[in-house]
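Peer 1: show me the folded form of this:
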Amino acid sequence: MSGLNRVVAILLAASFLGGGLTGCGKKSDSSSGTSGPANPQQTATSAKAAVIGPAFTAWQQGDKAAAVSRFLETDWSVRPLFQPGSALSLSEAQFKSLSASDREAKASENMAKISELKKMTAAVVAAGRAAAEKKEVAEARKHFTSLKQFGAALDAPESLAILKLVGQSIKKQADKELAALGQ
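Peer 2: All right, here's what the predicted structure looks like:
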């Protein structure tokens, strides 16, 4: 995924400099993969679990196999994709309405979250390629199709611009891998 790495690195750098990058919110417990509410209103909206939560939590805990497995089990059409109240769950308009200092304060944390998402998707690609090498074409297709669905979820109209671009790059990678399988 060297092309994806390059694109994400450029996007992250541009977003950091422009204050346009957002993130999932600071974790209150690094082992739980959840973020504590920033305000009482967030507590009310946090009732819906983030779709990415189980896969991302396993990834953050270092269990790559479980993260990939949970990634494949995820229905990427369900919302919310990210924890309600987190910066990655904001629309571009909502993000732009934040003060410059609020946007800037989240930049490095957000770059780390997107970097981890990129690493997790790279693990999905690697697992799909490993299945393809074993001639387990259906299993490989499952990996790359899930990856493409995740990319589409990020590239949704309500997503932040940076997430849309990352999603587009992930979809292109998935298409490339599916084409290599003969689909």
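
Peer 1: contacting residues around the residue of the chain positioned farthest from its centre?
Peer 2: The outermost residue of the chain, judged against the average C-alpha position, is residue 135 (28.3 Å), by C-alpha atoms, centre = their mean. Contact analysis of residue 135 by C-beta atoms under 8 Å, 6 or more residues apart in numbering lists nothing. C-betas here are computed from N, CA, C, even on glycine.

Peer 1: distance of it from residue 168?
Peer 2: 30 Å (C-beta to C-beta, to the nearest Å).

Peer 1: please name the residues that touch the residue nearest the centre of the chain.
Peer 2: By C-alpha atoms, centre = their mean, the mean C-alpha position of the chain lies nearest to residue 117, the distance being 4.3 Å. Residue 117 is in contact with 52, 56, 166, counting by C-beta under 8 Å, 6+ apart.

Peer 1: those in helices, which ones?
Peer 2: Residues of those located in helices (DSSP state H): 56, 166.

Peer 1: how about the residue lying closest to residue 143 once chain neighbours are set aside, secondary structure?
Peer 2: Distances taken as C-beta to C-beta, 6 or more residues apart in numbering put residue 128 closest to residue 143, at 3.0 Å, once the chain neighbours are dropped. When classified by DSSP: H, G, I helix; E, B strand; the rest coil, residue 128 comes out as helix.

Peer 1: touching, residue 128 and residue 138? I think so.
Peer 2: No - taking contacts as C-beta atoms under 8 Å, residue 128 lies outside contact range of residue 138: 11.1 Å.

Peer 1: more crowded one of those two?
Peer 2: Between residue 128 and residue 138, residue 128 has the larger neighbour count (other C-beta atoms under 10 Å), namely 27 against 8.

Peer 1: tell me the contacts of the more buried one?
Peer 2: Counting by C-beta under 8 Å, 6+ apart, residue 128 touches 139-140, 142-144, 147, 177.

Peer 1: list only those of those residues flagged as buried.
Peer 2: Buried members of the contacts of residue 128, counted by 16 or more other C-beta atoms under 10 Å: 140, 143-144, 147, 177.

Peer 1: just give me the closest of the residues you listed to residue 100.
Peer 2: Residue 100 has its nearest neighbour among the buried ones among the contacts of residue 128 in residue 147, at 34.6 Å by C-beta to C-beta.

Peer 1: what about the closest one, helix or strand, and which?
Peer 2: Per DSSP states H and E, residue 147 falls inside helix 137-154.

Peer 1: for that helix, give me every contacting residue.
Peer 2: Residues from elsewhere that reach helix 137-154 (C-beta under 8 Å, 6+ apart): 51, 68, 71-72, 74, 76-77, 81, 121, 124-125, 127-129, 131-132, 163-164, 166-175, 177-178, 181-183.
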